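Undergrad: Show me the folded form of this:
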Amino acid sequence: MAKILHSVRGEAKRLQKEALRQMLTLTTSAFGLVAALAWNQFITEFVETYIRPLVGGSSKLISSLIYAVIITVFAVLVTYNLTKVVKKH
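TA: Presented below is the predicted three-dimensional model:
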């Protein structure tokens, strides 16, 4: 009986750790989404305020292209640097 109780307690601890790990993952993902939306808003405003006047007010296509390039470069840099950090640990 003691063996079964010990086994159940061990399983309960494992499930508790896994639940906490999942909560951490979900919380991190949520904050990542909020940060991505904030950067999206900032870059959109930057392109609208500074880039669009340089390429012409009616040139939404060029502004969108510049925005896409900025986002792509940013995503590649962040991914590259995070990969380096993960490989170190």
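Undergrad: Buried residues, the host helix or strand of Val69. List them.
TA: Val69 belongs to helix 60-88 when assigned by DSSP states H and E. Within helix 60-88, the residues that count as buried by 16 or more other CB atoms under 10 Å are 63, 66-67, 70. For every residue, glycine as well, the C-beta is placed using N, CA and C.
Undergrad: Run the chain-centre distance for the longest helix seen in the chain.
TA: Longest helix of the chain, by residue count under DSSP state H: helix 2-46. Here helix 2-46 is found 13 Å from its chain centre; the criterion is CA atoms, centre = their mean, to the nearest Å.
Undergrad: quick one: contacts of the very next helix or strand once past it?
TA: Using DSSP H and E, the next helix or strand after helix 2-46 towards the C-terminus is helix 52-55. Contact with helix 52-55 is made by 59-60, 62-63, 66, as judged by CB atoms under 8 Å, 6 or more residues apart in numbering.
Undergrad: Quick check: the two most widely separated of these?
TA: Based on CB to CB, the longest span within those runs between Lys60 and Ile66 and measures 10.7 Å.
Undergrad: now Glu48, nearest residue through space, not along the chain?
TA: Nearest non-adjacent residue to Glu48, counting by CB to CB, 6 or more residues apart in numbering: Ser63, 7.2 Å away.
Undergrad: buried ones in the worst-scoring helix or strand of the chain on mean pLDDT?
TA: Across the helices and strands of the chain, the lowest-confidence element by mean pLDDT, DSSP states H and E is helix 52-55, at a mean of 83. Judged by neighbour count using 16+ other CB under 10 Å, the buried positions of helix 52-55 are Arg52.
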